[in-house]
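>>> here is the input, now give the coordinates:
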Amino acid sequence: MTYSDKVKASKDLLTAIQSLDDKQYVIVEYGTDYKGEPNRYKIDAFVYEHSGKATYRIYKDELFANIGMNIEKFSGTTMYAYTYDLMSQKTTYNFPLHAMKIVEQPFVEQDHDLKFND
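This next block holds a predicted model:
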């Protein structure tokens, strides 16, 4: 796959991510697990009120998943992510956007689903 093909294949996902508003997310498939099933990841946005600047993170799309990375930047074909472990060791990973498939988009994350009866 040529670089221009990768840019074209990455464009829809990159646009979807960068157009997310506060607490919205997209779900993507990338790679496979040990059973050969596609891994599902959630990419969400947090918009700072004072600056209007958005930050992004990616993590496993599972009920109790707390495994994720912050997204440092994007290029035309790649999403650059990082995290720090307990001992302040930085780990980085480069996600090829053209290898990800959008499954669902965009969703607004609920703070809770509690209902009160009067």
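>>> which residues of this protein fall in helices?
Remark: helices assigned in the chain by DSSP state H are 3-18.
>>> spit out the contact partners of the residue nearest the centre of it.
Closest to where the C-alpha atoms of the chain average out (C-alpha atoms, centre = their mean) is Ile43, at 2.0 Å. With contacts defined as C-beta atoms under 8 Å, 6 or more residues apart in numbering, the neighbours of Ile43 are Ile17, Leu20, Tyr25, Val26, Ile27, Val28, Tyr56, Arg57, Ile58, Ile71. (C-beta placed from N, C-alpha, C; glycine too.)
>>> what is the neighbour count of the fourth one?
With neighbours defined by other C-beta atoms under 10 Å, the count for Val26 comes to 22.
>>> next one: the last one
Here the neighbour count serves as a burial measure; for Ile71 (other C-beta under 10 Å) it reads 20.
>>> can you dump the C-alpha atoms of stretch 92-103 in PDB for me?
Taking only C-alpha atoms (Å, rounded to 0.1, in the frame of the first residue of the first chain), the coordinates of stretch 92-103 have been written out as PDB:
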ATOM      1  CA  THR A  92       4.500   4.800  23.400                       C
ATOM      2  CA  TYR A  93       2.600   3.100  20.600                       C
ATOM      3  CA  ASN A  94       1.800   4.200  17.000                       C
ATOM      4  CA  PHE A  95      -1.600   3.100  15.800                       C
ATOM      5  CA  PRO A  96      -1.900   3.000  11.900                       C
ATOM      6  CA  LEU A  97      -5.200   4.700  11.200                       C
ATOM      7  CA  HIS A  98      -5.600   2.900   7.900                       C
ATOM      8  CA  ALA A  99      -5.600  -0.500   9.700                       C
ATOM      9  CA  MET A 100      -8.500   0.600  12.000                       C
ATOM     10  CA  LYS A 101     -12.200   0.100  11.000                       C
ATOM     11  CA  ILE A 102     -14.900   2.300  12.400                       C
ATOM     12  CA  VAL A 103     -17.600   0.200  14.000                       C
END
